[in-house]
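Chemist: The following comprises the amino acid sequence and a computationally predicted model.
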Amino acid sequence: TQLLEQSPQFLSIQEGENLTVYCNSSSVFSSLQWYRQEPGEGPVLLVTVVTGGEVKKLKRLTFQFGDARKDSSLHITAAQPGDTGLYLCAGEKTSGTYKYIFGTGTRLKVLA
Amino acid sequence: DVKVTQSSRYLVKRTGEKVFLECVQDMDHENMFWYRQDPGLGLRLIYFSYDVKMKEKGDIPEGYSVSREKKERFSLILESASTNQTSMYLCASSLSSFSGNTIYFGEGSWLTVV
């Protein structure tokens, strides 16, 4: 079974700080997605990365797909309270009939 | 906007009861999914469906069944609820199986089995 490990599991930081969340696997993925889930809601897609080494930016969020397409990172610059939530990575498997496996999640709390 | 609607947000059921969780999507998506979300375990796939009346088991199908009689509707059934099925259940849909498709989630159904 393919696994996606996220670290850290929990993160509590002050407004304005920077942080990085990691998503790691021993398996290769066709693509990788990052979702954010707010309390009481379902996850919402932030970004999809497809090419090894790809970097995508979404305002203060920077996403990188590892060169070997086995891992990814999410970096947030100058975190704000509105960034609070559960961040999930999802890897698209290279084979099989259903595509995505989800990481274990990183719960971020940004304090004002 | 794509909308995935789960009929029940909060349910409390007794052990042994039959439980139905309903999900409807409004974007003519081919694929529909039921996930279970537990702290520290991420989202685990219970069942998915890639067409009407078609279904495949995910990673944790035991104790669950599903029904997809119409393209827009995907139901999760707990034949005899047990306390270890207390969890948050998320329904989702995606357009097709092509690479990079967005998965759209419902708001979730919190089920407590007592």
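Modeler: Here it is on my side, so go on. Worth saying up front: this structure is predicted, and the values here are computed from it rather than measured.

Chemist: all contacts plus neighbour counts: C-alpha atoms, from now on.
Modeler: OK.

Chemist: low pLDDT regions in the chain?
Modeler: I went with chain A, as the question did not name one. Within chain A, the ranges that satisfy pLDDT under 70 run A:1-2, A:96-98.

Chemist: other chain: chain B
Modeler: In chain B, residues with pLDDT under 70: B:2, B:97-100.

Chemist: so, in contact with chain A or not, the longest strand anywhere in it?
Modeler: As assigned by DSSP state E, the longest strand anywhere in chain B is strand B:42-51. Yes. Applying CA under 8 Å from any CA of the partner chain, one finds strand B:42-51 touching chain A at B:Gly42, B:Leu43, B:Arg44, B:Phe48.

Chemist: And the residue of chain B closest to chain A?
Modeler: Closest to chain A within chain B is B:Gly42: 4.0 Å, counting by CA to the nearest CA.

Chemist: show me what contacts the nearest residue to that residue once chain neighbours are set aside?
Modeler: Excluding its sequence neighbours, the residue lying closest to B:Gly42 (CA to CA, 6 or more residues apart in numbering or on different chains) is A:Thr104, at 4.0 Å. Shown in contact with A:Thr104 (CA atoms under 8 Å, 6 or more residues apart in numbering or on different chains): A:Leu4, A:Glu5, A:Gln6, A:Gln9, A:Leu88, B:Gly40, B:Leu41, B:Gly42, B:Leu43.

Chemist: Pretty sure the first one sits against A:Val28.
Modeler: No. With contact defined as CA atoms under 8 Å, A:Leu4 does not reach A:Val28; the gap is 10.7 Å.

Chemist: Residues of chain A that sit close to chain B?
Modeler: Checking chain A against chain B by CA under 8 Å from any CA, the hits are A:9, A:30-33, A:40-45, A:48, A:50, A:88, A:92, A:98-99, A:101-105.

Chemist: Report the secondary structure state of whatever residue of chain A ends up closest to chain B.
Modeler: Nearest residue of chain A to chain B, counting by CA to the nearest CA: A:Thr104, 4.0 Å away. Assigned by DSSP: H, G, I helix; E, B strand; the rest coil, the conformation of A:Thr104 is coil.
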